[in-house]
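Enquirer: Task: produce atomic coordinates for the following.
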Amino acid sequence: MSARVLVVDDLVPNVKLLSAKLQAEYFDVVTALSGMEALQKVAESPPDLILLDVMMPGMDGFEVCQRLKSDPKTTHIPIVMVTALSDTENRVRGLEAGADDFLTKPVNDIALFARARSLIRLKLTSDQWRLREKTSVQFGMMDEDRPITSEPAGSARILL
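Expert: Numbers count the residues shown, from 1 in each chain. Alright, predicted model coming up:
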C-alpha cells in the first residue's frame, strides 16, 4: 500500500521510529515536528492518514485535530492520536476533537499497521463517494448547496 502518512511528533526519535516502521511497510511518510508545521503540510499536500502526538509544545494534538476536523477540506482525513496518555478522560477529549482512533506509546507494530490500513481503506472509499458527489453536482443531479453529508441521519437504521 503506497498511501501517504503524516507523522507529527515534537520528539525527533519518535518521528524517526514511526517513519522507519511505516516505510518498511511501503507507506510514503511525511513528517512534522509541531502542530503548526502539520497544518501547513496538510494544506500543501493532504495525506491519507495522520498519526498525531498529543503532547506537543505550542499547539497540542487536540487543537491540531480539532482544526483539521472543523475544516471541510480536511475533515475526511483520518487522524490517529499517538499518545502516552491512556486514561479515559484524554481519550474522550480526543474523540470530541475528532480523532478516529488512538494508539498508546510504545506503539504496537501490528496494531499500527492494522489501523493504518483500515483507516486508509475507509478514506479511499470516502474519497470515491466525494468524487461521485462532485460529479453529480456537475451533471445537475445534486444541489451544490446541499451536499449528501448535510442530509439528516435521524431516521437512519443500522443493523448489527
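Enquirer: Now do Asp87: how many residues are near it, please.
Expert: Here the count is done by other CB atoms under 10 Å, and Asp87 has 8 residues near it. To be clear about C-beta, it is placed using only N, CA and C from the backbone, and glycine gets the same treatment.
Enquirer: wait, what's in contact with it?
Expert: Residues near Asp87 by CB atoms under 8 Å, 6 or more residues apart in numbering: none.
Enquirer: Assign the most far-flung residue of the chain relative to its centre to helix, strand or coil.
Expert: The outermost residue of the chain relative to its centre, with distances by CA atoms, centre = their mean, is Gly140 at 31.1 Å. For Gly140, the secondary structure call by DSSP: H, G, I helix; E, B strand; the rest coil comes out as coil.
Enquirer: what do you get for Pro46?
Expert: Pro46 ends up coil, using three-state DSSP.
Enquirer: distance of it from Arg91?
Expert: As defined by CB to CB, to the nearest Å, Pro46 lies at a distance of 25 Å from Arg91.
Enquirer: Quick one: the strands in the chain, in order.
Expert: 4-8, 28-32, 49-53, 79-83, 101-104 (DSSP state E).
Enquirer: just those: most buried one?
Expert: strand 49-53 (a mean of 27; mean count of other CB atoms under 10 Å).
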